[in-house]
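> With the sequence up front, the predicted model follows.
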Amino acid sequence: MRQICAIYKSNLRPDTFLYVPKKEDFSAVPEGLLTRFGRPELVMLLPLPTDKTFANLEQDVLVKALLEPGYYLQLPPLSPSLLAEHRIALGLSPDPQQDT
C-alpha cells in the first residue's frame, strides 16, 4: 500500500525532523513535543515505500511509526564527547574514571 509521508524540520532544533502521514496533520503528535519542536517547516513529501535510503532510519521502522503512534521524530545523532576525543588524543582513556 502506497502512502505519502510529509517531512518537516524544526525551526528550533537543528537536524531534528518530524515525519507525519499527512501534510499539515499534527493531530497525533503530542502538544508538548510540538512546543519543543517549534514551527514545523515542510522539507518534502515522500511516497512510501520508496527506493530512497534514509540516514539513520530504517524505512520499515518509519512506516510502523506512521501507523502507530502516528508520527516519527528523528533526532540528530549524538555528538561525540570533546573531552573524550581530547583524552584519546593525549593517549589517555576516554573515561576519566578509568584512570583511578
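That came through fine. Keep in mind that this is a model prediction, so the values were computed, not measured.
> which residues touch the most centrally placed residue in the chain?
By C-alpha atoms, centre = their mean, the chain has its centre lying nearest to Gln74, at 1.1 Å. Residues near Gln74 by C-beta atoms under 8 Å, 6 or more residues apart in numbering: Thr16, Phe17, Leu18, Tyr19, Asn56, Leu57. C-beta: built from backbone N, CA, C; applies to glycine.
> Max pairwise distance over these: which two?
Leu18 and Asn56 (14.8 Å; C-beta to C-beta).
> With neighbour numbers in mind, choose between those two.
Leu18 (22 against 8; other C-beta atoms under 10 Å).
> Check the gap between the nearest residue to Asp99 once chain neighbours are set aside and Val43 for me.
Nearest residue to Asp99 in three dimensions, chain neighbours excluded: Ser93, at 5.9 Å (C-beta to C-beta, 6 or more residues apart in numbering). Ser93 is 41 Å from Val43, where distance means C-beta to C-beta, to the nearest Å.
> Equivalent analysis for Glu58, please.
From Glu58 to Val43 the distance is 19 Å (C-beta to C-beta).
> do the same with Asp51
Distance from Asp51 to Val43, by C-beta to C-beta: 18 Å.
> quick one, which of the two is more surrounded?
Val43 (13 against 5).
> which SS class is the more buried one?
strand (DSSP: H, G, I helix; E, B strand; the rest coil).
> Find the residue closest to it in space, skipping its chain neighbours.
Ile7 (4.6 Å).
> which one of the contacts of Gln74 is nearest His86?
Nearest to His86 among the contacts of Gln74, with distances taken as C-beta to C-beta, is Asn56, at 25.7 Å.
> The residue nearest to that closest one when sequence neighbours are not counted: how many residues sit nearby?
What sits nearest to Asn56 in space, not counting adjacent residues and going by C-beta to C-beta, 6+ apart, is Pro77, at 6.3 Å. Pro77: 9 surrounding residues under other C-beta under 10 Å.
> Fine by me, we can end here.
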